[in-house]
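A.B. asks: here you go, sequence then predicted model.
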Amino acid sequence: MQIRRSRERGFADHGWLRSFHTFSFADYHDPQHMGFRALRVINEDRVEPGRGFGTHAHRDMEIISYVLEGQLAHKDSMGTGSVIRPGDVQRMSAGTGVTHSEFNPSPDELVHFLQIWILPERRGIAPSYEQKSFPESERRGALRLVASPGGETGSVQVHQDVRLYAALLNEGERVRHEVLPGRHAWIHVARGSIDLRGEHLEAGDAAALSEPASLELSASSGTEVLVFDLA
């Protein structure tokens, strides 16, 4: 198991935006951390009230937004307009090309969210958008599937062999995930802390595993954690 500590991540402070980069992104380049399997980007972003990302372009990428605090307004060239809040998962397939903007509509509250990029199974797919809400009750004390190739169990659909789970854990609660032969796992602690195979992971820390295993995640404080199961 490999550990990626929060303090080792790249960091950019633009005043209105403070962003931590788990993998190489923009001006932060680390050849040892270019992604993990099809997982290419995990950016932990905090955007000041009334500020945001102006219209910009993407292509050939599966982009997932996961809000931890506050709200994020989204508009794109497909005609989609929405607001993403905690418990929501947004998936945008950039495919052949799409432009979009993201904005914190609140006059006084920060928005804290994770932007996740996944390499698609093939290039040139048609752009598309999907957003679903996963109540706290479905994530409390359990790994809830929130993204998968076929949109299983009500999850958003991604065009890649990746399954993303989210869990909210109280102190002392435990969840298990089976890493099957030929699969790989990336565990990202969004908030709080967990103990995993003798390692203590705090918010922003991550762990990677590329062998069959039964993983037990034990929360040592109120915790929000994401588990990626990848081919």
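C.D. replies: Here it is on my side, so go on.
A.B. asks: where does the chain have low pLDDT?
C.D. replies: Across the chain, nothing is flagged by pLDDT under 70.
A.B. asks: just the helices in it please.
C.D. replies: Along the chain, the segments classed as helices by DSSP state H run 136-139.
A.B. asks: which residue would you name as the spatial centre of it?
C.D. replies: Central residue of the chain (CA atoms, centre = their mean): Ile116, 4.3 Å from the mean position.
A.B. asks: so what sits opposite that residue in the bridge?
C.D. replies: Under DSSP bridges, the beta-bridge partners of Ile116 are Ile42, Ile64.
A.B. asks: residues touching Pro107, list them.
C.D. replies: Contacts for Pro107 (CB atoms under 8 Å, 6 or more residues apart in numbering) come out as Pro49, Gly50. In short, each C-beta sits where N, CA and C put it, glycine included.
A.B. asks: I meant to write Gly52 there.
C.D. replies: By CB under 8 Å, 6+ apart, the contact set of Gly52 is Leu72, Ala73, Ser101, Glu102, Phe103, Asn104.
A.B. asks: then Glu69?
C.D. replies: Glu69 is in contact with Pro86, Glu109, Leu110, Val111, His112, Phe113, counting by CB under 8 Å, 6+ apart.
A.B. asks: can you pull the contacts of the nearest residue to the fourth one once chain neighbours are set aside?
C.D. replies: By that I understand Val111. Nearest non-adjacent residue to Val111, counting by CB to CB, 6 or more residues apart in numbering: Gly70, 3.4 Å away. Gly70 makes contacts with Arg85, Asn104, Ser106, Glu109, Leu110, Val111, His112, Phe113, as judged by CB under 8 Å, 6+ apart.
A.B. asks: from these, which single one is nearest Gly222?
C.D. replies: Among those, His112 lies closest to Gly222 (CB to CB), at 15.3 Å.
A.B. asks: ok, what's across the strand from the closest one?
C.D. replies: Here His112 sits in beta bridges with Arg46, Glu69, going by DSSP bridges.
A.B. asks: so it versus Phe103, what's the distance?
C.D. replies: Distance of His112 to Phe103, given as CB to CB, to the nearest Å: 15 Å.
A.B. asks: equivalent analysis for Gly50, please.
C.D. replies: Distance from Gly50 to Phe103, by CB to CB: 8 Å.
A.B. asks: higher neighbour count, the two?
C.D. replies: Phe103 (18 against 12; other CB atoms under 10 Å).
A.B. asks: partners of Ser19 in the sheet?
C.D. replies: Under DSSP bridges, the beta-bridge partners of Ser19 are Ala12, Asp45.
A.B. asks: what's around it, how many residues?
C.D. replies: 19.
A.B. asks: can you check the one 5 residues further on too?
C.D. replies: A total of 17 residues lie near Ser24 under the criterion other CB under 10 Å.
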